[in-house]
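Undergrad: Structure for this input, please:
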Amino acid sequence: MPATENVLVSIAFGTALLVLAGGMALKLPPRGGDSSWGAHPVRMRLIRGRRRRRVWIAGLLALLGVLIPAGDIWLTAYRDPRGFAVYVLAVLGLSVWLLWLGLLEGLASMASVARENRRQDLE
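TA: Residues are numbered from 1 along each chain as shown. Down below sits the predicted model:
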């Protein structure tokens, strides 16, 4: 595949990541929490933690959405092996960090559902 087609693919992928990050940013839970949760301090701490993780996920997605095409354009123009190594390590590092935050968010959501189910069973 010619270099210009590679750059177009990375621009399309980066744009998709930016759109996904923007969609996630629009769907963030409210800062003060939902009124159905009540004002219990533990619940408010859980809501703040969930919001903070989701903000980080959206921010990292946006950063990857900019870094992937920018790095690909730069590497196509300059062909620097050291720059390529730094670029790949940065993208992999951010991807692993994003994966870790996603796993934590999934575990927190599962724990929240299990806790809510236990609460309903006790009532």
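Undergrad: got the residue ranges for the helices in this structure?
TA: 3-26, 41-78, 81-122 (DSSP state H).
Undergrad: If we ignore the residues flanking it in sequence, what's nearest the residue nearest the centre of the chain?
TA: By Cα atoms, centre = their mean, the chain has its centre lying nearest to I57, at 2.3 Å. Excluding the flanking residues, the one nearest I57 by Cβ to Cβ, 6 or more residues apart in numbering is L101, at 5.2 Å. Glycine gets a C-beta too; all of them are placed from N, C-alpha and C.
Undergrad: any idea how far R54 is from the one you found?
TA: 9 Å (Cβ to Cβ, to the nearest Å).
Undergrad: still on that earlier bit, now do the contacts for the residue nearest to the centre of the chain.
TA: 24, 98, 101-102, 105 (Cβ atoms under 8 Å, 6 or more residues apart in numbering).
Undergrad: Among those, the buried ones, what's the ChimeraX command?
TA: In ChimeraX, a selection of the buried entries from these looks like this (16 or more other Cβ atoms under 10 Å):
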select :24,98,101,105
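Undergrad: From L28, how far out is R52?
TA: In terms of Cβ to Cβ, R52 sits 10 Å off from L28.
Undergrad: Output the below-cut-off pLDDT ranges for the protein.
TA: 1-3, 30-44 (pLDDT under 70).
Undergrad: what do you get if the cut-off is 50, keeping everything else the same?
TA: Along the chain, segments meeting pLDDT under 50 are nowhere present.
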